[in-house]
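Pasting the sequence and the predicted model now:
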Amino acid sequence: MRQVGDILLISCYELGHQPLSLASPLGYLKSAGYSATVLDAAVDKIPEAAVRQSRFIGLSVPMHTAMRVGMDITNHIRQLNKETFLCFYGLYASLNADYLLSHGANAVIGGEYEHPLLDLICALDTGSSLPVPGVHTRQQASPPHLARSSFVKPDRSQLPALKHYAHLDRGHQTLLAGYTEATRGCLHTCLHCPITPIYHGRFFAIPRDIVLADIDQQVAMGAHHITFGDPDFLNGPTHSLHILRALHKSYPDLTFDFTTKVEHILEHPTFFPEAKTMGALFVVSAVESTSDRVLARLKKGHTRTDIDRSLDILHEADLPMRPSLVAFSPWTMLDDYLDMLLFIETHDLIDHIDPIQYAIRLLVPPGSSLLEHEETLTWLGPLNETAFTYQWHHPDSRMDRLHQDISELVEKAETIKEDPVVTFYRIKRMTMDITEAPSLPSPTFVSSSKRRHIPKLTEAWFC
C-alpha cells in the first residue's frame, strides 16, 4: 500500500471544522512512509476514480450525523469497489460496530484510533495475519483502544482551505477559524454522553508542542481564531493554561473558544479572567437542562443553582457562555421546558443560544451508558439500526408534538435567517399555548443591530 491512491481517508462530517480526524492519522501515516489521500465529504464530492483505485478506505465518524452520512458513502463505495478494505474509525464507530461490520465494513476502530489504524495498514501491507490490537473485525472483537501513546503533528497539507469551514462571527466581521484539541476523552461519565461508554472516565493530554505546532500551521493558513474542541478543556486545567500562555505569547491577537462543564467553571473561577486576557471570546458549556430532576437523571454533576453561579463567574470575567441543551428528554415535562425558556429569558441568554438547541432531543445510541440503568426500560423503545439510535416516546404525547413543531419552526427560521430573538419568542408562544399558560404582553423586540453581539461560529452545533 505504498503507492499514491492505495489509501483513502474520508471525513464524513466534523461540525463544520477542518477535519482533525483526517489531519491526525495522515501525520502518523506520513511518518511511517505511507502516502494517503484524504477527502472531506462535507466539502468535496468523492471522485469515483479515487474509490476504484483504493485498496484501503478509512471513514471517520466522530459523531451521529457523520455515521448517517458514512453509511450513504459506504453504499456508494461498495457499488464502485467491492474489494477495498473498509475501516470505520472514531467515537461512533465503536458504538455501532456490530451494525457496521454487517453492512460493508471490514474493521472498526475506536478510542485512540491513530496507532491501531497505522498498525492495521501495516499488517495489510505486509500480509501479516489479523487480528491487530484495537481493531474490531468480524472474526475478532476488540475494545476501543485506550492506551497512552506517542503523538505526531497533524498533517493538514491536503485538507481544503479554511475558507470552506465555519468562520468566527464577531458581528462586524467574520474571520477564518481553525480547530484543534488539547485533550481527548473525559474524566466525567454523564450517562447520555457517547464518550462515556468508550473512555469510561479516562482522558489523554496531547503534548503541548504538538498542540501548538498544529495551531501554528492553521495560523499560517490564515486562522484568526481557534476552537479547542476537547470534550472538556478543563479536564487538565494546568495543561490547558500552559498551552494558552504559550499561544498568547506567540500570537497576541489570536482569539479562541473552548468547552467546559459547569462544575469546572465553579472549581476554577480564576481560570476565566486570565483566559479572557489571553483572547478567549466565549465558553461553551453543556448546561443541558434547568431541571434538577433531569440533570440528576443524566448524572450531569451540576444543579440549576450551579448554572446560576457559573454564569456569575463568567459574567465577572466578561466571557459569554454559549450553553448547549438536551431540550427534550423522557423526563422533561412541559413545565420544565417552559421553565427553561423563562430561565434563558431572565438571564439574558437568548442571543447566546443557537435556536437549533431548543429542538435537541436525547439520542440513545447503541452502547449508551443509559442502557445500563433499569429505569431506562420504562421509556426505551426498539433500536432503529439505520438511524443509529433507540427510539423513545415521551409519556406525555404533547411533548413529542411540541418537539416536532419546534423542529419545523427552527428549520424554517434558519432558512430565512430569522433573528434568533424572534425565533425564541415564537417558540415560547408555541409552548405557552400547549401548556395553556396565561397570555403575556408581546415583547418589545430590540433590533439585532442594537444588541450586544455574542461571538459565535457560523455553523450552528449539530450532533
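Received it, and whenever you're ready, just let me know what you need.

pLDDT weak spots in the protein?
For the chain, the stretches flagged by pLDDT under 70 are 439-449, 461-463.

Domains of it: list them as residue ranges, please.
Annotated domains of the chain cover 7-137, 165-457 [automatic domain parsing].

partners of Leu39 in the sheet?
Counting by DSSP bridges, Leu39 forms beta bridges with Ile10.

who touches it in this structure?
Neighbour list for Leu39: Leu8, Leu9, Ile10, Ser11, Ile46, Pro47, Ala50 [criterion: CB atoms under 8 Å, 6 or more residues apart in numbering]. (Glycine included, C-beta is placed from N, CA and C.)

Among the residues you listed, name the buried ones.
The neighbour-count test (16 or more other CB atoms under 10 Å) marks Leu8, Leu9, Ile10, Ser11, Ile46, Ala50 as buried among the contacts of Leu39.

so who does the first one touch?
Spelled out, that is Leu8. Leu8 makes contact with Ala36, Thr37, Val38, Leu39, Ala50, Val51, Ser54, Phe56, Ile57, Gly58, according to CB under 8 Å, 6+ apart.

ok, now how distant is it from Ile46?
Computed as CB to CB, to the nearest Å, the Leu8 to Ile46 distance reads 9 Å.

Could you do the third one as well?
Spatial separation of Ile10 from Ile46 under the definition CB to CB is 7 Å.

quick one: common contacting residues for those two?
Leu39, Ile73.

Now find how far off-centre the helix ranked longest in the chain is within its chain.
As assigned by DSSP state H, the longest helix anywhere in the chain is helix 397-415. Distance of helix 397-415 from its chain centroid, counting by CA atoms, centre = their mean, to the nearest Å, is 22 Å.

and what of stretch 143-154?
Offset of stretch 143-154 from its chain centre (CA atoms, centre = their mean): 19 Å.

what does that stretch rub up against?
By CB under 8 Å, 6+ apart, stretch 143-154 touches 20, 23-24, 26-28, 31, 94, 109-116, 133-134, 136, 180, 185, 198-200, 202, 204, 206-207, 210, 213-214, 217.

Of these, select the buried ones using a PyMOL command.
PyMOL command restricting the contacts of stretch 143-154 to the buried ones, with burial defined by 16+ other CB under 10 Å:
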select buried, resi 20+23+24+26+27+28+94+109+110+111+112+113+114+115+116+134+136+180+185+198+199+202+204+206+210+214+217
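
Using JSON lines, lay out the contacts of Leu8 together with distance to Tyr251.
Rendered in JSON lines, the data for the contacts of Leu8 read as follows (distance: CB to CB, whole Å):
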{"residue": "Ala36", "distance to Tyr251": "30"}
{"residue": "Thr37", "distance to Tyr251": "31"}
{"residue": "Val38", "distance to Tyr251": "26"}
{"residue": "Leu39", "distance to Tyr251": "30"}
{"residue": "Ala50", "distance to Tyr251": "36"}
{"residue": "Val51", "distance to Tyr251": "39"}
{"residue": "Ser54", "distance to Tyr251": "38"}
{"residue": "Phe56", "distance to Tyr251": "37"}
{"residue": "Ile57", "distance to Tyr251": "36"}
{"residue": "Gly58", "distance to Tyr251": "32"}
